[in-house]
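Asker: Sequence first, then the predicted structure:
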Amino acid sequence: MTINKTALALSVGAALLAGSVQAQENKLYLFNWTEYMDPEIIEAFEEKYDVEVVQNYFNSLPEMLSKLQAGGVSQYDIIVPSNYYVPRLIETGLVQKLDKAKLPNFANVMEQFQDPVFDPGAEYTAPYQWGTTGVVYNTETFPDAPKSWSLLFDPEVNPDHPFALMGDGQVSLGGACAYLGHGYDCTDPEGWKEAARLLIETKGRDTFSGFTDGTPALQQLARGVTHIGLSYNGDYLFFKDEDPESFETLDFMIPDEGAEMWVDSMMITSEAPNADMAHKFIDFILDAEVGAQLSNYNYYASPNAAAEPYLDEVLTVPPVQPSEDDMARLRFTPSLEGESLQIFQQLWSEVQSR
């Protein structure tokens, strides 16, 4: 009896390929911010679709982008960037258009997020959460703190106590621009240069502790390492609920000169290993009750209109839902490209190196 070795090799190869495809179909790779997903939502999705969700995390948008450019575009299915990085991801070909036919729950999205300025027609993005970036400070140290960026940038207002700025250059530069009267969403090179000079001066103060991103900034504040920092409203409430004693004297403030409003969106990478399952996951998050569950866990505002009846009361008042006056002061961080992006990067590099 003879064996057809070619046929055997082909059948083994086909079996291995089928196994590889099946393994790919049974996994979903999510690249998200830290502390930004309810584990019960992941468990419910895994059970519904018989899939394993593999989560990886980033702490800043530059970190996310560098990992995508270093090969992550073919390793992750879904990423969760903030609004001002969306155009850059689209232009560099790192993401793919969404198939709205696979997203029936997209109809639940609030009208203002269905046609965002950073992604007209929402061709590439589905909103995940929205919130604000503000100043968190110690109320014992500053019982009469001004509702102003001066708490960070004026050494006469804070001559003695350690403070931190955010490692995201556009946010820190935006804050300096707002303080100087140019507006948080300033894109004028001369305004940027003045703001960069202010940041360099601020770095030179003995009480400047460094550039620290949202969650670590809150941990420093809770330990008393710093007395002022920048963080996100939902993170602040989340950790305050987790550790009320450490956060008893910490307050969140939106400066009157203006600050950041942001929207984080779900996007599918251009070389996603499992784009079909990625669509299923996005649609799952856009379900009314799941969307509310996500916000109730994160303490961030939901972009899902259908989720509103299921939201906890704390999500309907400040700081999660800003007051009308504060809403009028909030701006999106501008999306940069071309010469503007180059100028910003040069200025931010100079701030970091000085």
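Answerer: Cool, the structure landed.
Asker: Could you tell me which ranges of the protein sit under the pLDDT cut-off?
Answerer: 1-24 (pLDDT under 70).
Asker: Helices of that one, start to end?
Answerer: 5-25, 39-49, 61-69, 86-91, 150-153, 169-179, 189-203, 214-223, 233-242, 275-285, 288-298, 324-329, 338-353 (DSSP state H).
Asker: Mean neighbour count, those: which tops it?
Answerer: Of all the helices of the chain, helix 169-179 carries the top mean neighbour count, a mean of 25, counting by mean count of other Cβ atoms under 10 Å. The way it works is simple: take the backbone N, C-alpha and C, and place the C-beta from them, glycine included.
Asker: which residues are in contact with it?
Answerer: Helix 169-179 has contacts (Cβ atoms under 8 Å, 6 or more residues apart in numbering) with 84, 133, 148-150, 152-153, 165-166, 183-186, 191-192, 195-196, 198-199, 202, 211, 230, 255, 257-260, 331, 333-334, 336, 344, 347-348, 351-352.
Asker: thinking again about what came up before, please convert the helices of the chain to TSV, extending it with distance to P120.
Answerer: Shown next, in TSV, are these (distance: least, Cβ to Cβ, whole Å):
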stretch	distance to P120
helix 5-25	32
helix 39-49	29
helix 61-69	21
helix 86-91	10
helix 150-153	35
helix 169-179	21
helix 189-203	26
helix 214-223	28
helix 233-242	27
helix 275-285	19
helix 288-298	23
helix 324-329	23
helix 338-353	18
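Asker: Those helices: which one's closest to F118?
Answerer: helix 86-91 (4.6 Å; Cβ to Cβ).
Asker: Go ahead and produce PDB holding the CA coordinates of that closest one.
Answerer: C-alpha atoms of helix 86-91 as PDB (Å, rounded to 0.1, in the frame of the first residue of the first chain):
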ATOM      1  CA  VAL A  86      -8.000  60.200  15.100                       C
ATOM      2  CA  PRO A  87      -7.100  62.200  11.900                       C
ATOM      3  CA  ARG A  88      -3.500  61.200  12.300                       C
ATOM      4  CA  LEU A  89      -4.400  57.500  12.500                       C
ATOM      5  CA  ILE A  90      -6.600  57.800   9.400                       C
ATOM      6  CA  GLU A  91      -4.000  59.700   7.400                       C
END
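Asker: Give me the contact list for that helix.
Answerer: Against helix 86-91 from outside (Cβ under 8 Å, 6+ apart): 65, 68, 79, 81, 95, 118-119, 124-125, 265, 267, 335-337, 341.
Asker: Equivalent analysis for stretch 53-65, please.
Answerer: 27-34, 37, 42, 45-46, 67, 76, 79, 81-82, 85, 88-89, 167-168, 213-216, 281.
Asker: gap between it and the chain center?
Answerer: 10 Å (Cα atoms, centre = their mean, to the nearest Å).
Asker: For it, measure first residue to last.
Answerer: Start and end residues of stretch 53-65 are separated by 21 Å (Cα to Cα, to the nearest Å).
Asker: if I pick A292, what's in contact with it?
Answerer: 302, 304, 307-311 are the contacts of A292 under Cβ under 8 Å, 6+ apart.
Asker: Of those residues, keep whichever come out buried.
Answerer: 302, 304, 307, 310-311 (16 or more other Cβ atoms under 10 Å).
Asker: can you put those residues in a markdown table and add distance to K102?
Answerer: Conversion of these to a markdown table gives the following (distance: Cβ to Cβ, whole Å):
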| residue | distance to K102 |
| --- | --- |
| S302 | 21 |
| N304 | 17 |
| A307 | 20 |
| Y310 | 24 |
| L311 | 26 |
